[in-house]
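K.L.:
Next come a sequence and a model predicted from it.
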Amino acid sequence: MHSIKAKIYILREPYKLFLEEEIINIDELFDQEFIAETIYTAISPGTETGAYIGLSSLRPGNPYPRIMGYCNIAKIIYIGTKVKDVKIGDHILTFQSHRSAFKCHVNDFYIKILDESNLKFITTSYLYHLGYHSLLTAYVRQGYNVGIIGAGTLGYTSSIMSSLAGVKTFLFTNQKEVSSLLLNKDVFCLQKSEHEIGIMTDLTHQIGLDVIVNTSNTWDDWILALKIVRKGGMIVNLGFPGRGQELPGFNPLDPQYVYVKNLTIKALCFINEGDVPAYEIRFNMKNNLMFIIDLISKGKINAPELITHEIYYTQLQNQYKNYAKRNNFMLSTLINWKD
């Protein structure tokens, strides 16, 4: 039997991360399947750290055991006889987890990467896509004023995508490290104070913020979003207000904001991951990610800035512990899977 041993990270319960083995049988590869070995994965800190420390599940049921991660660049090493769109040696971007190898069907989601010189940075594409997806959800157009709350990985990527969309962008944060990264990127970095909110109001010519992208879980940031979005505006929740928090001391749907200001509050809209023609669904997952990959390849997105650390795959648990401590400024981490 011809087979390979894949190393896969499994979180059995909070703080209990194991690197386990799975046998992939090459002889049992179907005609429309292929096997790929991972080159890089990238950490999505909010999602992965939340699972690692045991924050409440986003879906009903017991979330453990679970795999971790969804930003994966891999190289194809075996293909079935009916696989036509990729060949051995090609690199692909997938939603596979932190693992050394995997088997994939042609109907699963993947994108062939043509720019092999930027594989390391293209690994982070989906993290930028989440910010882009938020803007699409809010139907953002040129001339809008957009506020981003929360300056973690998704706050940073949302700010970059908002600025690239040609809208006036404000990031509300007290983190000086993020503010320095966003210098010269047409993003106004403001502190969460009445004075700085007043500056935003002046800079928007008294219009205020048409859209808020809230990447935070805290109630303090939620009430900030309710206060600073304009009347008739929209809040898109990329974060999960209240997750890991005590019950708030205020009504999170207080009518003085939601009713009187006639607000629209949305989660991310549905996005099709199938291979759908553009004339049917223009903004689907594949088209969106190809757009972002092009931006990274052309240097329009400075993806190296998003990667604050690079580690070997055996160091993942220690990196999760570093994220959980929240002692240092950390955005995404790139994981190298090659021995």
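P.N.:
Yep, it's here.
K.L.:
Who are the contact partners of Asp254?
P.N.:
Leu226 (C-beta atoms under 8 Å, 6 or more residues apart in numbering). Quick note: C-beta positions are derived from backbone N, CA and C, even for glycine.
K.L.:
what separates it from Lys261, distance-wise?
P.N.:
Going from Asp254 to Lys261 by C-beta to C-beta, to the nearest Å gives 10 Å.
K.L.:
cool, Leu29 as well?
P.N.:
Between Leu29 and Lys261 the distance is 57 Å, computed by C-beta to C-beta.
K.L.:
Over to Lys112?
P.N.:
46 Å.
K.L.:
More neighbours: the two, which one.
P.N.:
Lys261 (16 against 13; other C-beta atoms under 10 Å).
K.L.:
for that one, helix, strand, or coil?
P.N.:
Three-state assignment for Lys261 (DSSP: H, G, I helix; E, B strand; the rest coil): coil.
K.L.:
My read is that it contacts Lys231, right?
P.N.:
Yes - judged on C-beta atoms under 8 Å, Lys261 makes contact with Lys231 at a distance of 4.6 Å.
K.L.:
Could you check how far the residue nearest to Ile67 when sequence neighbours are not counted is from Ile207?
P.N.:
Distance criterion C-beta to C-beta, 6 or more residues apart in numbering; nearest residue to Ile67, sequence neighbours excluded, is Ser97 at 3.9 Å. Separation of Ser97 from Ile207 (C-beta to C-beta) stands at 43 Å.
K.L.:
Please apply the same query to Gly54.
P.N.:
Gly54 is 42 Å from Ile207, by C-beta to C-beta.
K.L.:
What of Leu136?
P.N.:
On the measure of C-beta to C-beta, Leu136 and Ile207 end up 22 Å apart.
K.L.:
The residue nearest to Ile67 against Met68, yeah?
P.N.:
Yes - using C-beta under 8 Å, Ser97 is in contact with Met68, at 5.8 Å.
K.L.:
Now for the closest residue to Ala151 other than its chain neighbours: which residues touch it?
P.N.:
Nearest in space to Ala151, with sequence neighbours left out and distances taken as C-beta to C-beta, 6+ apart, is Thr173 at 3.5 Å. Applying C-beta under 8 Å, 6+ apart, we find Thr173 in contact with Gly150, Ala151, Gly155, Ser179, Cys189, Leu190, Gln191, Lys192.
K.L.:
what ranges do the strands span in the stretch 51-200 of the chain?
P.N.:
66-67, 72-79, 91-94, 101-105, 110-113, 145-149, 168-172, 187-190 (DSSP state E, counting those that start in this stretch).
K.L.:
Determine the next helix or strand in the C-terminal direction from the helix or strand harbouring Ile8.
P.N.:
According to DSSP states H and E, Ile8 maps onto strand 3-13. Later in the chain than strand 3-13, the nearest helix or strand by DSSP H and E is strand 16-25.
K.L.:
What strands line up against that following strand, and which way round?
P.N.:
Counting by DSSP bridges, the strands paired with strand 16-25 are strand 3-13 (antiparallel).
K.L.:
Taking strand 101-105 as reference, get the angle to the partner strand.
P.N.:
For strand 3-13 against strand 101-105, the angle by axes from the mean of the first three to the mean of the last three C-alpha atoms, to 10 degrees is 100 degrees.
K.L.:
how about strand 3-13: buried residues?
P.N.:
Across strand 3-13, burial judged by 16 or more other C-beta atoms under 10 Å covers Ile4, Ala6, Lys7, Ile8, Tyr9, Ile10, Leu11.
K.L.:
thinking again about what came up before, among the strands of the stretch 51-200 of the chain, which comes closest to Ile311?
P.N.:
Across these, Ile311 has its closest neighbour in strand 72-79 (15.3 Å, C-beta to C-beta).
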